[in-house]
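J.: here you go, sequence then predicted model.
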Amino acid sequence: YSAVVNVTDIGMHAPPVQRKIKLGKPHAPPKTQAFDLSKPLPKNLKEAMAQVDNWNAEYGYKYAVERECGAWIAQGVLESTKPGDCLDDLTALNLGMQFTVKTDKKRQFKRAKLRLYVAAHERIVKQGEHYFENFSQTVGWGRLRQCCAQACEEGFVGCKQWDTCAAFLYAKNEPGTVVLIKLSEELAKALNVTSFCWCVKAAYGLPSAPAQFMKFVRDILVNDCGAAPSKHDEAVFIIRRGDKYVMICTWVDDFCVLYNCQKLYEETRDTYFDKVDGEEGDLDFMLGVNFEVDVELQRIKLHATTAIEKIAAKYGKPQRESKVPMREEDAELVHVELPEVDSMEWLDLREQAGIYRSLVPSILYLATTCRPDICFAVGVLCRCLDNPSARHIDAMWILLSYLVGTISFGVAYKHDVLTRGAHVVYSKLKD
């Protein structure tokens, strides 16, 4: 759920300054059913306040606004301009707002969230800077799965997920960066600053924000927690003391933490959360993937049940069943002639082609994360996202039917996963 709202529509009083909570034992907010998820997301703050129940609900919209504004104040993100500051050669960027609603894997309400962001993208693009040059290093899914397998092989006592709140507000701007922000009168009052401000932190929306936060995290994990970055993936950090370990896989502000020593884990956790505000929870759903962790059996399973349910709910469950991701004859789709643009066939397929362009990339993420059994089928379908034939569209529905019928399939690791040997079977579709 997300909606971008205009800051000029905001009318609110300045929230109390939130102090950083040092979490000796970080915890996630308790779940509540007071928030009505059936109501549409508000497009501005006035609409949010008009939804009285959701505004006043525990962890509702009011909580989200006060928390985000409080974090910006506490972290000193903005500094008011002073008389004499030279603003002539600078273009002021607007400050935007985005509301979201977080749910658990069962789509039960957890909390509302507001994100203030600097509307810098359009300005940056005009200057010729490319966002990919400033992206943060994130753990690759192959490496994350390898860490899960390694934890099962060495033995583990726990798997946790960390979430850093207001993550990008901790890191300073990239050296040499000067950012001038223009705020509405209402938002300036809420944040206790003037209408024109200097943004001194790597806030959301600035192209260097993810990379700067990664440097901030690396400094804490390496210098304070004593972790060493992996030689194979800079987003993986490992702490070892003899046969004891803590493995931390970072994906911007979401961390997957695996460990076999409770004392070492608590020491690492407390050190990290002494520097930042955040939440700790069991590793059960992260980055759109379900995790099933069984400490007794020393087993970790990754599957996409929640994602497949969402896809089926959005596009509809296929009427027919399929026990295979792709029929043998569909392996020839790579050689099928595609419809000629503006032909009758091309025009007749436009509606289904639109679904195809949206559905196939959604399934591609499943193949990347935890469904290697569909990789070949997805690879074939991805070759013609712009102009699929009727056979391609039919193959898409067969693949979705297969996913719905095998919704609990995934990748599972157990204690003997490395020592027993793996049996690899290649599909004859590749022949």
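T.: Yep, it's here. Numbers count the residues shown, from 1 in each chain.

J.: pLDDT below threshold where in the protein?
T.: Across the chain, the ranges flagged by pLDDT under 70 are 1-33, 86-89, 105, 121-136, 416-431.

J.: ok, which stretches of it are helices?
T.: Secondary structure of the chain (DSSP state H): helices at 45-50, 52-56, 61-74, 121-126, 141-154, 185-191, 209-219, 262-273, 305-315, 344-348, 350-369, 375-381, 390-405.

J.: which parts of the first one are buried?
T.: Same thing as helix 45-50. Neighbour counts over helix 45-50 (16 or more other Cβ atoms under 10 Å) mark Leu45, Glu47, Ala48, Met49 as buried. Every C-beta, even on glycine, is put in place using the N, C-alpha and C of the backbone.

J.: then the last one?
T.: Residues of helix 390-405 classed as buried by neighbour count (16+ other Cβ under 10 Å): His392, Ile393, Ala395, Met396, Trp397, Ile398, Leu399, Leu400, Ser401, Tyr402, Leu403, Val404.

J.: next up, the contacts around Leu359.
T.: Ile311, Tyr315, Met396, Leu400 (Cβ atoms under 8 Å, 6 or more residues apart in numbering).

J.: quick one: contacts for the first one?
T.: If a contact means Cβ under 8 Å, 6+ apart, then Ile311 has Leu359, Ser362, Ile363, Leu400, Leu403 as its contacts.

J.: what's the second one in contact with, if anything?
T.: Yep, that's Ser362 we're talking about. Ser362 makes contacts with Ala307, Ile311, as judged by Cβ under 8 Å, 6+ apart.

J.: now swap in the third one and tell me
T.: Applying Cβ under 8 Å, 6+ apart to Ile363 gives the contacts Ile311, Ile374, Val378, Leu381, Leu399, Leu400, Leu403.

J.: picking up where we left off before, CSV for the helices of the chain, including distance to Glu174?
T.: As requested, these are exported to CSV (distance: least, Cβ to Cβ, whole Å):
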stretch, distance to Glu174
helix 45-50, 31
helix 52-56, 37
helix 61-74, 19
helix 121-126, 12
helix 141-154, 27
helix 185-191, 23
helix 209-219, 6
helix 262-273, 23
helix 305-315, 35
helix 344-348, 47
helix 350-369, 30
helix 375-381, 37
helix 390-405, 42
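
J.: wait, which of the ones you listed is closest to Asp163?
T.: For those, the distance to Asp163 is smallest for helix 262-273, at 10.8 Å, taking Cβ to Cβ.

J.: and the closest one, what does it pack against?
T.: Contact analysis of helix 262-273 by 3 or more Cβ pairs under 8 Å, 6 or more residues apart in numbering; DSSP states H and E lists strand 158-164, strand 236-241, strand 244-251, strand 254-259, strand 278-282 as its packing neighbours.

J.: how many neighbours does Leu347 have?
T.: Here the neighbour count serves as a burial measure; for Leu347 (other Cβ atoms under 10 Å) it reads 11.

J.: contacts only, for it.
T.: Taking Cβ under 8 Å, 6+ apart as the definition, Leu347 has no contacts.

J.: then Arg357?
T.: By Cβ under 8 Å, 6+ apart, the contact set of Arg357 is Leu385, Asp386.

J.: at 7 Å instead, please
T.: Arg357 is in contact with Leu385, counting by Cβ atoms under 7 Å, 6 or more residues apart in numbering.

J.: I'd like the distance between it and Ile393.
T.: With the distance defined as Cβ to Cβ, to the nearest Å, Arg357 ends up 11 Å from Ile393.

J.: before we move on, what about Arg115?
T.: According to Cβ to Cβ, Arg115 stands 37 Å off from Ile393.

J.: okay, now the closest residue in space to Leu403 that isn't next to it in sequence: neighbour count?
T.: Leaving out its chain neighbours, the residue that sits closest to Leu403 by Cβ to Cβ, 6 or more residues apart in numbering is Ile308, at 5.1 Å. Per other Cβ under 10 Å, the neighbour tally for Ile308 reads 22.

J.: close enough to count as contact, Ile308 and Tyr402?
T.: No. Judged on Cβ atoms under 7 Å, Ile308 makes no contact with Tyr402 at a distance of 10.3 Å.
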